[in-house]
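Trainee: model this:
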Amino acid sequence: MEQKTKKVLSIGSYNVGLTCRTGRIPNWGETLIGSGFSESYGGKGSNQAVAAAKLGGEVTFVGCFGEDKYGDDGLAMLERAGVDTSYIIRTNKRVTGVGIILLNEENDNCIIVDVGANKELCPMYMDSIENVISDCDIVVFQLEIPYETVRRGMEIAKRKGKMIILNPAPARKEAMELLSLASIVNPNESELLILNGKEPSDQLTMEECERLARQLLTKGPEVVIVTRGEKGCFIVTSKETVNIPAYPVKAIDTTGAGDAFTGALAVALAEGYELLEAVSFANLAGAYCVTKEEVVPAFATREQLSQFKNNKQFADIHEGEGLFKI
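Mentor: Numbering: from 1, shown residues only. Okay, the predicted model is just below:
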């Protein structure tokens, strides 16, 4: 496009990911034999920054790492991905955050996070980087750093007139009060339920999903985008609801798919795509991600996404859409 690409800022977490496969989650006091242990890069803030950068975005990441090997490795990874790391801080008060990921035989995941150094990303630091927030166009937040830090960062970004994407994960009911500061909110189904004070395991019909999404819309954001895994995603605005079907892929590892979606959404909006185009682009990036193992290696480059989009297996449900350019 002729217009200058806008800058994306992700303010959030970095965690090293420790993954193991298991047939089921153990009960308390029980030991199970797992397999396929691996160590990888993670954290929603970092993931979304890398996903956006690999797709060609001009991206800055703000976070806090421990002064340890995991922190050194994470910083080096972000720099290799082309992310501006100038405003990452290091601390000796806590170790770098860790995410413990369990994958089942169907490749679904559950994750436990020890946020570690992420706790040291304080609200005062948001004040000190106000010029960084001013210099960007789209600011992305998640909820793996202190809640008050998210709130302060969003308040500054709102005052500066920035587009604000809130990915409310891990979800907490009190995060509903942050929605008035957001332009776009993109929960998955369980996060949508939690925000609305319901159990995350509840089953949702499309109609109930839309009703709950509209509940979020009343709190202030302009757009709510609900991601539903193999059921696709949908966009809710004050004027309409648009359903976007999933791409028919075989899932290998669903870890990071939501981050791939959010990063791609930010890039597409930064490049001037209309909302429907941007969400379709993000949907494609999420589909690509689940066909690969681990997280950061599963984030697509522009070339990889183009090849993936042209796969003929998608023709039946997406033929003729022409919604976005790779």
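Trainee: ok, which stretches of the stretch 101-250 of the chain are strands?
Mentor: Ranges of strands within the stretch 101-250 of the chain are 109-114, 138-141, 163-166, 184-185, 223-227, 233-236, 241-244, based on DSSP state E, counting those that start in this stretch.
Trainee: okay if I get the ones you listed as a markdown table plus mean pLDDT?
Mentor: Converted to a markdown table, these look like this (pLDDT from 0 to 100):
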| stretch | mean pLDDT |
| --- | --- |
| strand 109-114 | 82 |
| strand 138-141 | 98 |
| strand 163-166 | 98 |
| strand 184-185 | 98 |
| strand 223-227 | 97 |
| strand 233-236 | 94 |
| strand 241-244 | 93 |
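Trainee: out of those strands, which is closest to residue 55?
Mentor: Set against residue 55 and scored by Cβ to Cβ, the strands of the stretch 101-250 of the chain come closest in strand 138-141, at 13.3 Å. Every C-beta, even on glycine, is put in place using the N, C-alpha and C of the backbone.
Trainee: next, count neighbours for the closest residue to residue 36 other than its chain neighbours.
Mentor: Once flanking residues are discounted, residue 36 sits nearest to residue 21: 4.4 Å by Cβ to Cβ, 6 or more residues apart in numbering. By other Cβ atoms under 10 Å, 16 other residues sit near residue 21.
Trainee: same question for residue 123.
Mentor: Neighbour tally, residue 123, other Cβ under 10 Å: 16.
Trainee: tell me who's in contact with it.
Mentor: Residues near residue 123 by Cβ atoms under 8 Å, 6 or more residues apart in numbering: 146, 148, 149, 151, 152.
Trainee: pLDDT value on the residue lying closest to it once chain neighbours are set aside, please?
Mentor: Distances taken as Cβ to Cβ, 6+ apart place residue 152 nearest to residue 123, at 4.0 Å, with adjacent residues excluded. Residue 152 carries a pLDDT score of 98 in this model.
Trainee: what sits against the residue nearest to residue 36?
Mentor: 34, 35, 36, 102, 103, 104, 105.
Trainee: kindly recompute the last result at 10 Å.
Mentor: The contact partners of residue 21, by Cβ atoms under 10 Å, 6 or more residues apart in numbering, come to 34, 35, 36, 37, 38, 101, 102, 103, 104, 105, 107, 253.
Trainee: beta partners of it?
Mentor: Going by DSSP bridges, residue 21 is paired in beta bridges with residue 35, residue 103.
Trainee: coming back round to it: can you select the buried ones from the contacts of residue 21 in ChimeraX?
Mentor: A single ChimeraX command is used to select the members of the contacts of residue 21 judged buried by 16 or more other Cβ atoms under 10 Å:
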select :101,102,103,253
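Trainee: can I get the contacts of residue 21 in a markdown table with distance to residue 156?
Mentor: Below are the contacts of residue 21 laid out as a markdown table (distance: Cβ to Cβ, whole Å):
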| residue | distance to residue 156 |
| --- | --- |
| 34 | 43 |
| 35 | 46 |
| 36 | 42 |
| 37 | 40 |
| 38 | 37 |
| 101 | 32 |
| 102 | 37 |
| 103 | 38 |
| 104 | 41 |
| 105 | 45 |
| 107 | 39 |
| 253 | 36 |
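Trainee: surely residue 116 meets residue 67?
Mentor: No. Taking contacts as Cβ atoms under 10 Å, residue 116 lies outside contact range of residue 67: 11.5 Å.
Trainee: show me the shaky parts of the chain.
Mentor: 1-4, 312-326 (pLDDT under 70).
Trainee: which stretches of it form helices?
Mentor: Along the chain, counting by DSSP state H, helices occupy 44-54, 69-80, 123-128, 130-135, 147-159, 189-195, 206-217, 257-270, 275-290, 302-309, 315-318.
Trainee: out of these, deepest packed?
Mentor: Comparing the helices of the chain by mean neighbour count (mean count of other Cβ atoms under 10 Å), helix 44-54 ranks first with a mean of 30.
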